[in-house]
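Student: sequence plus predicted model, see below.
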Amino acid sequence: MRLRFPPSPTGVLHIGNARTALFNFLLVQKEKGNLILRIEDTDQERSKASFEQDIVTNLKWLGIEWHEGPDIGGQYGPYRQSEREEIYKKHIKKLISENKAYYCFCSPEELNAEKQYQMSIGKPTQYSQKCRSMSQVEINQKLKENQPFIIRFKTPDKEIKFSDLIRGEIKFDTKLIDDFAIAKSVEKPLYNLAVTIDDFEMKISHILRGEDLLPNTPKQILIQEALGFTTPLYGHLPVILGPDKSKLSKRHGATAIEEYKNDGYLKETIINFLAFLGWNPGDEKEIYSIKELIKDFSLEKTQKSAAIFNLERLNYLNGFYIRKKDISELTQLCIPYLDLIEPVIATEQYPPAYGGQQLIHNYKIKETGETISFPYLEKIIGLYQERLKKLSEITELTSYFFQKELSYDKALLKWKERDPKDALDKLEKELNNIEEWKFDNLNKKLSELSLDFAQEIGEGKNRGYIMWPLRVALTGKKSSAGPIEIAAVLGKEKTLERVKKAKK
RNA sequence: GACCCCAUCGUCUAGUGGUUAGGACACUAGGUUUUCAUCCUAGAAACCGGGGUUCGACUCCCCGUGGGGUCGCCA
């Protein structure tokens, strides 16, 4: 089994692309076949090396790997279409010499006018075949005069049938397909031709691609027949639609994988999410790692109907995977988002046996110059692990740990419209007396204090009269992790300082 | 418009002739709770319409309807 993923480097890797790549990857891995990455850059004007780089980088980030490709080579290379002109030339010449393709000298203006006319009388827009039966003498003459031309395929009248791996029997009547353009010149094929030749030359056995390419399939089969190629097996995946049911595009928000990555979506989330856009295992399991997907994936279970991209589900999954992460790993992932701190590069290095890289073992709070350790950061991140939906949120959520001065409206300190003065006084006094600054002890003392206080002011067991002002004093926010947990991480000195400031 | 594809809660979907039509996200209510989350419990929520076939259709067939895709010297 040999599959391919053939992006065109005219844009970055987006949701749709990545889903197709993933499905190809899953099938190949399951069936122990080979996946080929082929770069379809026949459109030299729109193709850019930076897009190819983006595609490669992000596929790898997702954990999608291939066996042959421009970056790693392979025995059926080159893997960029722009480097395969010699191969195409041979086939294009053959098509012309066998009279299965022909030169067309019609100008774009002429073609356009033709199309306009056909539209105006409600006919399907098709090429008139004007150049189809031009004499060899005339062709030679025009070629000699350097008249611009393209090469068209001589589409025969017949019915094309094929069995789609996902959709079953599909029929097309080629009467509705005109003599489509297959090359700009003898060495510059257009999409349909290049794909067909490459799939054959690269011995591709299965083609898994988006449903949007379904109308191209009969054209490619026609070319295969003209060139004497075998026909691979086709499977057309449902398209991905935006919430308004139109094709997913930029106006629906972010579509680039890179954007999701930067926003703090985990690759586990994206893989799990993408897999369920068009596939499901048939039972109630919904959480899947890439390994489990490889094990359970099958074409029979892939969906025929279009899937709608649902951001809420993506967020839910991301929160789920964040909660499951090991705290050390989660902290590593969050550090790049923490813009109020910077790493302190140690002068010593790991011993050669451990890689010899420079060692970062501390971080510096930019505003205060204070040095903090990785384990300390773990504690901070740990406070927010179950509240985080995307990594980027960590910046705002934990900013109060790294700010010298908190700025907030003092009115926020009131719990149920009560002046917080006495509560803060009691807090300060109590905190001052606490010797052992550990969560358990703090919890015990502050719980007692808050219950006593509530009783004293006739508010039953409502601990908010102490806890709310404490939260606001420490964080300046109206929602946060638990104030006692925060105090424990913040330390006695800073906690007291912030409580005192709240009183002013 | 032509061709092709598709059709179960708002969304992703399970279901392959007989089910109280199941799950998840989102939503609502309640519980836990100092806030926000998490967690737990409960709830509301669907077979596009019409004809067949059949003892019996969400399931099979046909016709509508709706949605989507494609109609480039782009891929």
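Tutor: Done, it's in.

Student: so how far is A:Ile64 from the residue most central in space within chain A?
Tutor: With distances taken as CA atoms, centre = their mean, A:Ile257 lies nearest the centre of chain A, 2.5 Å away. Plainly put, A:Ile257 is 10 Å away from A:Ile64 if you go by CB to CB, to the nearest Å. Backbone N, C-alpha and C define where each C-beta goes, glycine included.

Student: ok, now A:Ile381?
Tutor: From A:Ile381 to A:Ile64 the distance is 28 Å (CB to CB).

Student: A:Val186 too?
Tutor: As judged by CB to CB, A:Val186 and A:Ile64 stand 36 Å apart.

Student: give me the more crowded residue out of the two.
Tutor: Just comparing A:Val186 and A:Ile64: by other CB atoms under 10 Å the higher neighbour count belongs to A:Ile64, 23 against 17.

Student: tell me which element the more buried one is part of?
Tutor: Following DSSP states H and E, one finds A:Ile64 outside all helices and strands.

Student: got phi/psi on A:Lys188?
Tutor: With angles defined as degrees, to the nearest 10, A:Lys188 sits at phi -120, psi 90.

Student: re the thing from before, I'd say the residue nearest to the centre of chain A and A:Asn58 touch.
Tutor: Yes. Judged on CB atoms under 8 Å, A:Ile257 makes contact with A:Asn58 at a distance of 4.5 Å.

Student: where do the contact lists of those two overlap?
Tutor: A:Val12, A:Leu13, A:Ala18 (CB atoms under 8 Å, 6 or more residues apart in numbering).

Student: show me which of the residues you listed are buried.
Tutor: Neighbour counting with 16 or more other CB atoms under 10 Å marks A:Val12, A:Leu13, A:Ala18 as buried within these.

Student: pipe those residues into JSON lines and attach distance to A:Glu436 and pLDDT per row.
Tutor: Formatted as JSON lines, those follow (distance: CB to CB, whole Å; pLDDT from 0 to 100):
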{"residue": "A:Val12", "distance to A:Glu436": "54", "pLDDT": "94"}
{"residue": "A:Leu13", "distance to A:Glu436": "53", "pLDDT": "94"}
{"residue": "A:Ala18", "distance to A:Glu436": "52", "pLDDT": "94"}
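
Student: narrow these to those in helices?
Tutor: Within these, residues falling in helices by DSSP state H are A:Ala18.

Student: okay, the buried ones among the shared contacts of A:Ile257 and A:Asn58 in CSV with distance to A:Lys48 next?
Tutor: Formatted as CSV, those follow (distance: CB to CB, whole Å):
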residue, distance to A:Lys48
A:Val12, 10
A:Leu13, 13
A:Ala18, 19
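
Student: which pLDDT value does the model give the residue of the stretch 301-450 of chain A found nearest RNA strand B?
Tutor: Nearest residue of the stretch 301-450 of chain A to RNA strand B: A:Ser305, at 2.9 Å (CB to the nearest atom of the strand). pLDDT for A:Ser305: 90.

Student: so what's the residue count around A:Lys494?
Tutor: A:Lys494 has 14 nearby residues by other CB under 10 Å.

Student: A:Pro70 now?
Tutor: 17.

Student: just checking, it touches A:Leu37?
Tutor: Yes. The pair A:Pro70 / A:Leu37 is scored as a contact, 6.9 Å apart, by CB under 8 Å.

Student: got phi/psi on A:Ile365?
Tutor: Phi and psi for A:Ile365, reported as degrees, to the nearest 10, are phi -80, psi 120.
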